[in-house]
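[1] okay, sequence plus prediction incoming.
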Amino acid sequence: MPGINLSDFFKEKRSASEIKSEILNEYFKAWAAILLKGQSYKQIEKILYVDLFSGPGLYENGSQSTPIKILNSI
């Protein structure tokens, strides 16, 4: 995961939603890269990604949540 050393994992408490957002964003980038790499074999016109627990996209303090981070990584 970017910016996280395994040795530092337990030194700082992070919220579950922050960890989920980081994991899903990295997973989405890898998943989309694998799907789009197959473009030479078949034509993919749409990719559908659904996160039923994503929320509105912004936290109360204005920071980005999972849906916005994934859209920015596209």
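    Received it, and whenever you're ready, just let me know what you need. Numbers count the residues shown, from 1 in each chain.

[2] for residue 19, see how far away the nearest residue to residue 55 once chain neighbours are set aside is.
    On the basis of Cβ to Cβ, 6 or more residues apart in numbering, the spatially nearest residue to residue 55 that is not a chain neighbour turns out to be residue 65, at 5.4 Å. To be clear about C-beta, it is placed using only N, CA and C from the backbone, and glycine gets the same treatment. In this structure, residue 65 and residue 19 are separated by 13 Å, where distance is defined by Cβ to Cβ, to the nearest Å.

[3] neighbour count for the two, which is higher?
    When residue 65 and residue 19 are compared for neighbours, residue 65 comes out ahead with 18 against 13, by other Cβ atoms under 10 Å.

[4] quick one: pLDDT of that one?
    On the pLDDT scale, residue 65 is placed at 83.

[5] how far away is it from residue 21?
    Counting by Cβ to Cβ, the gap between residue 65 and residue 21 amounts to 6 Å.
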